[in-house]
Structure formats: C-alpha cells, structure tokens
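In: kindly generate the corresponding structure for this input.
(3 chains)
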Amino acid sequence: MKLTGWLEGVGRFYVGLLLAFLYLPIVIMALMSFNASPFYQLPFEWTTHWYSDLSRNNQLLTATLNSLRIAVMTTVIATILGTAASIALYRYDFRGKRILQVLLFPPIAIPWLITGTAMLIFFYGIGIGRGLHAILLGHVALALPYVIVVVSARLQTFAPELEEAARSLGASQWQVTRRVTLPWIMPGVIAGALFAFAVSFDQFVVSYFLATPGQGTLPVEIYAAIRKGFTPEINAVSTIIIVVSMGLMLVTARFFKFGGDR
Amino acid sequence: MTSAQAARKGIRPALPLLAPAYLWLTVAIFLPLSAMAFFSFMTDLPMAGREWSLTLKNYAAFFSTSLYLTLLWSSLRLGLEVTAWCLVIGFPAAYVLAKVLKGRAREAIFLLVILPFWSNGLVRIFSWAMVLREGGILDTALNAVLPFTVSIDLMYSYPAVIIGLVHSYVPYMVLTCYLTLQAIDDSLIEAARSLGASRRQVLRRLILPLAMPGIVAGAVLIFVPVVGSFMEPRILGGRTGTFYGTVIEDQFVAVFNWPLGAALSFILLAVVLLILAASAPILRRAQQ
Amino acid sequence: MAEVRVENVSRSFGAHKALDDVSIAFPDGGFYALLGPSGSGKTTLLRQIAGFDFPDSGRIVIDGKGVERVPVEKRRIGMVFQNYALFPNMSVTDNVAFGLSVRGVSRAEIAGEVQRALDLVQLGGLGERRPHQLSGGQRQRVALARAIVIRPQVLLLDEPLSALDKALRVDMQVELKRIQREVGITTIFVTHDQEEALTMSDRIGILREGRLVQEGSPEEIYDHPVSEFAATFLGDANILRGEATETGIRLGDGTEIATRLNSMVRMTGKVSCAVRPERITILPASAAASTTGNRLAGRVSKRIFAGDSSTYFVERDGQTIKVLVQNAGQIPFDEGQDIVLTWSPESTVLIRT
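Out: Residues are numbered from 1 along each chain as shown, chains lettered A, B, ... in the order given. So this is what the prediction gives:
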C-alpha cells in the first residue's frame, strides 16, 4: 500500500520516534559518563574524571583483558571450526546432514539461562570446573552456529561449477579449497569472525554462571558492580563497550552487505 | 545436472571437517543439556563424600507449592506482554521501512534499528536505569517542561522491566517483519486496491496474512529469551523483579540447590521446546 | 591427443536410469557432438568421461587406459562449462594459469604457455582483466584457453555456446572449430541444438533416455535416420506410415511410395518413411502428370513466409505435410488450392517403427 502524502510523513516521523527510543538511553548514559556529578545531577559539567578513575580500577581492567582474550580466542577457534564445517555441509551429501543442520539451532534458540546453567552442572560434574577455560569452552560453542550459518549463507552464492572447474584442471582437494573456495567465501568468513567476536565479547549470561569470583569477564564484573550500586565508573566502561560493539557491528554490516554482492 | 548429483556422497570425506565443530558442540551444549536432565532427578551434587540417589523430589517441589507455578506463569505473562508491545511498536516501523523508505535511506535506517541489538544487552539495560530512576533524566526533563511538580520513579517497577525488555528485543520484530514485508510484491497491493479494497481491508486480508511468518518468527525470538530472562528484572525490577528466571539464578548462585535449579531449568526448556514446536509449521511455511 | 572409448557404461540415480549400456568410440582428434533433448543422459555421459561421477558398470578408456575409477583431477581432461565457471577472484591470466600452477609448473614456463593460449583465442591483450569485465564471448574464449593450456588428452564442452546470443554463437562456432583444428585435440561436445551439432562436428551421437539411438557423420544421420526420433530430432521430417512393400511403403489410402534402396534387411509389416520438407516440390494439380517419382495430392492449408523461403502446410488424408520452398520469384500457391507434392525415392528413408 503506497502511503500517500501526510501518511508517509507520519510513517517517517514514527520511525524517527522508534530510533529515539532505541538510542536515547544509550546517549544519555554516554553523556552522564562525562558529567561531573556522581549522582547524575544536572546541570551538566564536563569531566573525564570517571575515565581516569576507570584506568586505575584494576578489577575492571583485568576483566576487560579477560574479555578481550576470550573473545579473540573464541573468534579464532569458532571461525576455523565453523568454516570447515560449513564447507563440509556445502560440499558433501550424506545421510543425517539435515539433522546436523538442525542441531545448530538449539545453541541459538534455547535461552542462555538454560544453556549456561547446564554447562555449569556438566563442567562441574566432569571436572572441567568453572573459570576462564570453561567460559572459553562455552563461548566457542555459542559462537559456532553463528559462524556456520553466516559462512553457509555465503556459500549458497558460490557456484559448484567453480570447484568442478578447478578439479578438472588438476587441482587437489586442498588446492581447490585454498585457491578457489576460500577466496570466494572470505567476506562470509570475516563476517562470521566478527559475529563470533561480538557473541563472545557481549556474552553475559553464560560467562556469569561459569565465572569464578575475581576471574570474570567484563559484563560479569559490571553486573556485580551494578548490584552493589550505581557509580559513574560503570557509565564510563559501559560507554566504551557500547561504542566498541556497535562499531564492530557496523564493520560487520559493511562486509556482509557490500562483500556479498561481488 | 542437479546439484545433488554434483555433490559427493558419503559422510566419510566430510568427517575431518565436521568432527571438530560438532564434537565441541557436543561437549559444550548437548552433553550439558543431557546432564542437566539427569541431574534434575538427583538428591544432591554427585561429588566426593556426598550421598546421592535418584529422586523425583525436585519436580515434586515444583508442583507441591504454588510458588514456582505462579512464577512461571508471571514469566510467561511477561513474555506475552513484551512480545505484544514489540509487535505493536515494531510492525509499523517495519512497514515504513519496507514500503515507504527507499534506497540508501532505507539501508541506513534499517542498520540503525538493528545496531543496538548487537551491543551489550546488560549495558543497555543499565542505561535505562539512568533514565528511569527518581531524579533521573526522565524525571528531571518532565519537571523542567511541566508547570507543576511530578515525581516519576519508574525504577524498580514492573513497567521498568517491560520498557527495558521491549527496548532490548524490538529490533528482532522489526527485522523479521521487515524481511517478510519486503518480499510482498507491491503489485499485489495495487491489485487489491484496484479490486476496491480499502487500506484497512488490504492490511487485514492481504498484508497481515502474508507477513504472518515474520511476525511469528519475531514473536518466538522475543518470547523465548524473555521467559528465561533474569538480569533485566534484577536490575530494573528490584524487589518486584522476581520471576522464574531469577529463581533459577538464585538456585545456582545464592541458594546452591543445583538439583532444584536443574529441574526448574529443565521445565523451562520443556516449555521453550513446546513453543518452538508449535511455531514450527508456520515458520516452515515461510521458507517455501 | 587420444582416442576415448566408452564401453557399456550404465549409471542410475535411484530408480532413474540416466545411462543405459552406452558404448561410443570417440576418434582421436575428432569433433564429436552428443546430441539429445534434456534428460537424455548426454551431460551425465560427459561427466562420466570427465570423472566427476563414476559409472555403475562399464569402462571408460582414454588413450588405451581404463580410467573409470580415476577422479577428475587425476585425468588429463580439459572442460569448458556451460556458464564458463571462471574464477571470479582471479584475473584472466591467473584463470588460465591455474591448471599449470597447481601442477607446480615453473613461473616462467607458465607465463609463456598462458600467453600462447590467450593468443590462440585472440585475447592476448586482456590478461589483466577480471572475468566480470569481459563480454560473454570473451569469457567463452578464456574458458577455452584455460581448458587447453594444460594440454589435455580430451576437451569436453558442456553446451558452451548456449549462454551466447544468436549472432555471437555463429561466430563462436566458427572460432571454436578453428581452434579445435589448430590444436588437433579430441573434442566431445554436448548440445541440444541440432544446428550446432550439424555445423560443427565430424560425428554425432544421438542420445535418448540414456541410450545411444544413432551415431554417424552429420550427413549420414541427416540422410539416413534410423528412427522417427532421430529423423525429427535432427532436422525436420515428414513421417508417413504404412505397410512395407517390395519397393517401399504402401500408405493407408493405398498410395505406393518408393523409397531409397536400402542396404538394410528387407522390412515387412508396419513401417514408416521420412521425407525432409526441403526435398519436396509443389506443383499445380494440372501439372502433376508430367512428373516422375513419388506423388501425393493435397490441398494447401497454410503458407508461412520467412523471407528467403516459405513453409507450406499441405493437408492430405488427414495428415499435415510440411514443405519448404526457396523463394526464387515463382508465383506462390494460395491457401485452399489443390496441388500435387512430388519428390524422388532417393529422398525417402524407410524407418522401422
């Protein structure tokens, strides 16, 4: 239905309102992280005090480092394993393939609360226990389905004749993969890697159940700090996180969109 | 030549590529879920020095008091309300995106709507605390505009939880509805109009039915995690924010009654799977 | 260069028999067209020869060696795909160099070979281009250069011209034929386009439902089709049905038609014969007595004018007969006019039904 005249205007205005709803709290939080009053009092007075406080807060700095290390490792592992699995699912046809594809959805569809508590119980029971290694184990599992879905989507645009052409020219399986398949799906692999990083870096629920006291990731420490009470330092660190993760997704969107057309 | 012919048969050559990913998923997802099912029938943690046996008492606990059922019900209600709000807010926006906006404006705004969704959920919930608390931004702004004094203190209330969750999940609904609405050919709508249908009739008899798979997909994607939410009610709901999810959290991090927690989690999983199964036919229709 | 032989090859996909006991010898250095409608098994056969798929039974012999279990990358074949399958992430040069470089040929040698191949297809100056910057015909040439630069024993072409428009297709037919002659490579060419098969190949094999129906030179198949399918699939033909006689065939209304003397065993019982539309002459009913050869009376029901020629549809005894007449200035026949069709027995092929 083509909305004509004023109706179109109403439509645009409405979308504007929705964007305001989505961004206002974030913008306010970011502003408050530069406000001098620790009780968020107005009028606004500019300060970077809270950021310098943050730089001396060892607990949050350690947590940030943990988060980054786990996110990077998750990205590397999930991207490699996920890409390999995607290529196998694309290239081969076998009994039970459908089931393997359906099995990718539980990690995405089941609430993290359930996944997280289940991991806690199982890891505890078989002696893996809690801690950063358990968090890494969990994050990779959460990120894998995203990588496989994204890379598989890219593979759908790949013509199987290209692999056949390479084989007809005498290329071995590995040469076909490295010189023809991988270059083509690279935008998908990069997008999958960024997804994996985002899933891990933003992950709170699973990390929360698997963390040991004093050895948490950033979201876990922030949650603990919020429950103790609000401080402008949390505003500051939250602002950093949100800028980083939104920036990351913007990059992902570029790769996924513009990389997908060629 | 069909691609099925082109693909190579047999799982053996695929195994080296598939095994690492699926082994990892098995260890970190599928075995834990199975273990949790088993664990929910135990009396205590199966650890050194502890006596444990199989029991139904954890499930009995769920049904013997009305507490857990009430909480599960309030979580389901929370899920329904948040889903409904997301639909009411998200669908019109998706419509405008799909059928009014064009070209680069559409791309840019679509990206802007989806973007917050990929930022940290915890931090976004926290940002609402800044806005909603007494003496917070909303309070101050309203008092600056209005001639009389009002005290807005939404913090630690049910509406605060709703607002926070809707904010978190509305992009899902916009995304899924946008995808189905965008696929509707404009000429269908023009055809309906040429046959004399009013805007309202076109919406009710053509657009809504065609967009139904997107609406259902969005609803499932929102409802399922909201029923299992615990961090959002904790931060924005305070004492009023006791839901099924927060009780499960307590079993694992405060009360340390893991078997009961496992049983509660498992019941939630059953509810979730039921919902996924019920929505599967509609979602499958969407793929065709 | 090598002779390729397919011996008793069968291949089924589930219940569907894609190839049913097919045997063909592809002569060394020849240009062989596999012709058939879609689903006839021609592409399946090509993929068996290439090695993308293995036969359930039977042998595939290239240059005297059985290769039916050798995977494609170990056979020395060159293949041109229907959509060319040029690697989009590589330049023209890199595309052509690919087959040599995966074999570990030295860089200097590759450069020379690639240049020679590109010169052969007359694309010498376009090496730096990407596939998406090329026209359809240029892509076609790159695909060909890429296939022959590895000096394959056999060149396989899977409907290589079907993606081109008509004018370009005719150019490429000539060009492809020239390159094939120059290289002298055994070439197997899959097509559903009978005109392409006729103009380009030395030999044609007609496939239908997974079986080889007939093979021979284009002239042989065109002039001596062994079945109604072969007659109508390759070119146009009028089929007349009746009983076999000493000299030919007796139609339902008693008319005797003389056919070419056939070296085949004498046929009896129900048979049919095929006559090409361009072999028939139309005469006014009054002039009929002066002719020799086969003769049928009929009435013009329709005439379609096509510039250099006209097609007449003539009704006779409940059957429509097509006649192709070159427009050489003669007065056309009117629709509804009674006429007589004549043609020589030499142009009439007896076919078993």
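In: do I have it right that residue B:227 meets residue B:244?
Out: Yes - counting by Cβ atoms under 8 Å, residue B:227 touches residue B:244, with 7.1 Å between them. Quick note: C-beta positions are derived from backbone N, CA and C, even for glycine.
In: overlap of the contact sets of those two?
Out: Shared contacts of residue B:227 and residue B:244 (Cβ atoms under 8 Å, 6 or more residues apart in numbering or on different chains): B:75, B:268.
In: longest helix of chain B?
Out: Using DSSP state H to define each element, chain B has its longest helix at helix B:66-99.
In: remind me what that one packs against, helices and strands.
Out: For helix B:66-99, the elements it packs on are helix A:6-32, helix B:57-64, helix B:103-114, helix B:158-182, helix B:208-227, helix B:244-253, helix B:258-287, judged by 3 or more Cβ pairs under 8 Å, 6 or more residues apart in numbering or on different chains; DSSP states H and E.
In: quick check, distance from it to the centre of its chain.
Out: Computed by Cα atoms, centre = their mean, to the nearest Å, the chain-centroid distance of helix B:66-99 equals 9 Å.
In: what of stretch C:249-262?
Out: 30 Å.
In: repeat that for stretch C:51-66.
Out: Mean-position distance between stretch C:51-66 and its chain equals 23 Å (Cα atoms, centre = their mean).
In: do stretch C:78-96 as well
Out: Using Cα atoms, centre = their mean, the offset of stretch C:78-96 from its chain centre is 25 Å.
In: quick one, phi psi at the closest residue to residue C:207 other than its chain neighbours?
Out: Nearest residue to residue C:207, sequence neighbours excluded (Cβ to Cβ, 6 or more residues apart in numbering or on different chains): residue C:36, at 3.7 Å. Per-residue torsions, residue C:36: phi 180, psi 160 (degrees, to the nearest 10).
In: isn't residue C:36 right up against residue C:206?
Out: Yes - using Cβ under 8 Å, residue C:36 is in contact with residue C:206, at 6.1 Å.
In: shared neighbours, the two?
Out: Residues touching both residue C:36 and residue C:206 (Cβ under 8 Å, 6+ apart) are residue C:233.
In: near chain C, which residues of chain A?
Out: A:159, A:161-162, A:164-172, A:175, A:179-180, A:183-184, A:262 (Cβ under 8 Å from any Cβ of the partner chain).
In: run the last query once more with 6 Å
Out: Listed as neighbours of chain C in chain A under the rule Cβ under 6 Å from any Cβ of the partner chain: A:161, A:162, A:165, A:167, A:168, A:169, A:170, A:171, A:175, A:180, A:183.
In: by neighbour count, which of these wins?
Out: With neighbours set by other Cβ atoms under 10 Å in any protein chain shown, the maximum within the residues of chain A next to chain C is found at residue A:169, which has 30 neighbours.
In: pretty sure that residue is touching residue C:99, no?
Out: Yes - the pair residue A:169 and residue C:99 passes the contact test of Cβ atoms under 6 Å, sitting 3.3 Å apart.
In: quick revisit: residue B:227 and residue B:244 - which one has more neighbours?
Out: Neighbours were counted for residue B:227 and for residue B:244 using other Cβ under 10 Å; residue B:244 has more, 29 against 25.
In: ok, so what distance separates the more buried one from residue C:22?
Out: Applying Cβ to Cβ, to the nearest Å, the value for residue B:244 to residue C:22 is 67 Å.
In: one more: residue C:218?
Out: Residue C:218 is 20 Å from residue C:22, where distance means Cβ to Cβ.
In: where does pLDDT dip in the chain?
Out: I went with chain A, as the question did not name one. Applying pLDDT under 70 to chain A picks out residues A:1-5, A:39-43, A:255-262.
In: you answered for a different chain; I wanted chain B.
Out: Applying pLDDT under 70 to chain B flags the ranges B:1-9, B:45-50, B:118, B:134-136, B:150-152, B:285-288.
In: mind listing what the residue nearest to residue C:343 when sequence neighbours are not counted touches?
Out: Computed as Cβ to Cβ, 6+ apart, the closest residue to residue C:343 that is not its neighbour in sequence is residue C:280, at 4.6 Å. Taking Cβ atoms under 6 Å, 6 or more residues apart in numbering or on different chains, we find residue C:280 in contact with C:323, C:341, C:343.
In: and the last one, what does it touch?
Out: Taking Cβ under 6 Å, 6+ apart as the definition of contact, the neighbours of residue C:343 are C:275, C:279, C:280, C:294.
In: circling back to that earlier point, relative to residue B:18, which of the helices and strands packed on helix B:66-99 is closest?
Out: Nearest of the helices and strands packed on helix B:66-99 to residue B:18, taken as Cβ to Cβ: helix B:258-287 at 23.4 Å.
In: elements contacting that closest one?
Out: Using 3 or more Cβ pairs under 6 Å, 6 or more residues apart in numbering or on different chains; DSSP states H and E, the elements in contact with helix B:258-287 are helix A:112-125, helix B:31-39, helix B:57-64, helix B:208-227, helix B:244-253.
In: and among these, the most buried is which?
Out: Of all the helices and strands packed on helix B:258-287, helix A:112-125 has the most neighbours on average by mean count of other Cβ atoms under 10 Å in any protein chain shown, namely a mean of 25.
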